[in-house]
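Q: have a look at this fold, sequence not included:
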């Protein structure tokens, strides 16, 4: 790895109690370029712009995918990654689907650890605080030709993160727009998936909702995801979540919730969830809660469902009654080293760059 430390650290300007998630960036980034059929050296360099042209193929033809993950700092200042091997596996799954060259485990994991280590001061401490990390791969060849590119860049950037969506939100069940279709790229974290979701979400916001529950493209009769999150439904004391597929992302947080629920003895059924079943359960009092899970938000609880022109209020449970809240606490305690880790999910980041 080639390391170039910044001579102008911005850490003195960072206020961990007052910053903007997603637009406050740490001092460094990882970059690695692919050319002539192979990846070059991984470089840790000062964060900043990289020159590109409007003819860059990633911009024109959409060969771009990414991951979302976090680093955490415990009360003693120790720093942890969380299940990074899952993100490594998934970025390569996305890359393969988009005909992008896969990255090596060494590039991905060593790059992550080096970046988090050198900028560990940027990781805020406290409840709900973390460093959000964005590994990404995109085509950089300068060519207006609709084909697989010959040049790419792998990069990792990061931004400090706080809790958001802390209050329950209202979501509209989509009966027209779909997030993904059979045979498409729904199971990949393709950049274009998110672009395609913005307009339907904007329409839902104009109707008084914060997000959308995406339904299947063929019939709109089954839940798939919610916004950029996997979705969970609790009917009586059973949790339901749709099975992953080529339309539904294999979420790391989703998998954590499933395993943590089973550890608590909560019944989890991984099966298709019919919209009709959810609405009937709500009307007869059996629907207890619906929520979404994802890396950035951890958990977003829903307070109302929009369906066929109606806004249907969901039960409001206390944190002691809510499976969503209970499992979120279990997960956050694991991530921040407040509880034992029986799964081996935490990965401590050592001070590997102390002498650099």
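A: Perfect, thanks for sending it. Since the structure is predicted, the reported quantities are computational estimates derived from the model, not experimental observations.
Q: which element is the nearest residue to residue 269 once chain neighbours are set aside on?
A: Spatially, and ignoring its direct neighbours in sequence, residue 269 is nearest to residue 240 (5.0 Å; CB to CB, 6 or more residues apart in numbering). Every C-beta, even on glycine, is put in place using the N, C-alpha and C of the backbone. Using DSSP states H and E, residue 240 sits within strand 238-241.
Q: equivalent analysis for residue 327, please.
A: Secondary structure assignment for residue 327, by DSSP H and E: helix 323-335.
Q: which strands and helices lie in contact with that helix?
A: Identification of packing neighbours for helix 323-335 by 3 or more CB pairs under 8 Å, 6 or more residues apart in numbering; DSSP states H and E yields strand 79-82, strand 229-235, helix 252-263, strand 287-294, strand 298-307.
Q: which one of these lies closest to residue 161?
A: Residue 161 lies closest to strand 298-307 among the helices and strands packed on helix 323-335, at 10.2 Å (CB to CB).
Q: pairing partners for that closest one, with directions?
A: strand 169-173 (parallel), strand 287-294 (antiparallel), strand 310-313 (antiparallel) (DSSP bridges).
Q: looking at these, which is closest to residue 143?
A: strand 287-294 (34.6 Å).
Q: so which bits of the closest one are buried?
A: Applying a neighbour-count criterion of 16 or more other CB atoms under 10 Å, one finds 287-294 buried in strand 287-294.
Q: which of those sits closest to residue 190?
A: Among the buried residues of strand 287-294, residue 294 lies closest to residue 190 (CB to CB), at 15.9 Å.
Q: distance of the closest one relative to residue 72?
A: 16 Å (CB to CB, to the nearest Å).
Q: just residue 348 next, same as before
A: Counting by CB to CB - residue 348 and residue 72 are separated by 10 Å.
Q: ok, residue 117 next?
A: Distance of residue 117 to residue 72, computed by CB to CB: 14 Å.
Q: need the overlap of contacts for those two.
A: Here residue 117 and residue 72 share the contacting residues residue 79, scored by CB atoms under 8 Å, 6 or more residues apart in numbering.
Q: which one of the two is surrounded by more residues?
A: residue 72 (24 against 19; other CB atoms under 10 Å).
Q: partner residues bridging the more buried one?
A: Residues in a beta bridge with residue 72, per DSSP bridges, are residue 80.
Q: give me every residue that touches it.
A: Neighbours of residue 72 in contact, by CB under 8 Å, 6+ apart: 79-80, 82, 123, 130-131, 335-337.
Q: repeat that with 10 Å
A: Each residue near residue 72 by CB atoms under 10 Å, 6 or more residues apart in numbering is listed here: 78-82, 116, 123-125, 129-131, 332, 334-338, 346, 349.
Q: buried among those? Need that as a selection in PyMOL.
A: One line in PyMOL is enough to select the buried ones among the contacts of residue 72; burial here means 16+ other CB under 10 Å:
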select buried, resi 79+80+81+82+116+123+124+129+130+131+332+334+335+336+337+346+349
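Q: before we move on, back to that, can you redo the helices and strands packed on helix 323-335 as CSV with distance to residue 324?
A: Conversion of those to CSV gives the following (distance: least, CB to CB, whole Å):
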stretch, distance to residue 324
strand 79-82, 19
strand 229-235, 7
helix 252-263, 9
strand 287-294, 4
strand 298-307, 5
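Q: now those in TSV, with mean pLDDT and distance to residue 109?
A: Shown next, in TSV, are the helices and strands packed on helix 323-335 (pLDDT from 0 to 100; distance: least, CB to CB, whole Å):
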stretch	mean pLDDT	distance to residue 109
strand 79-82	98	9
strand 229-235	97	24
helix 252-263	98	15
strand 287-294	97	22
strand 298-307	96	23
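Q: thinking again about what came up before, okay, and the common contacts of residue 348 and residue 72?
A: In contact with both residue 348 and residue 72: 78-81, 337, using CB under 10 Å, 6+ apart.
Q: that older thread, quick one: closest of the strands paired with strand 298-307 to residue 147.
A: Closest approach to residue 147 among those (CB to CB): strand 287-294, 33.1 Å.
Q: to residue 28, which of the helices and strands packed on helix 323-335 lies closest?
A: For those, proximity to residue 28 was assessed by CB to CB; strand 79-82 is nearest, at 14.6 Å.
Q: whichever helix or strand comes after that closest one versus helix 252-263: what angle between them?
A: Counting by DSSP H and E, the next helix or strand C-terminal to strand 79-82 is helix 84-97. Orientation check (axes from the mean of the first three to the mean of the last three CA atoms, to 10 degrees): helix 84-97 against helix 252-263 gives 130 degrees.
Q: report all helices and strands that helix 84-97 contacts.
A: The contact analysis (3 or more CB pairs under 10 Å, 6 or more residues apart in numbering; DSSP states H and E) places helix 84-97 against strand 64-66, strand 69-73, helix 105, helix 111-118, strand 130-139, strand 152-161, helix 252-263.
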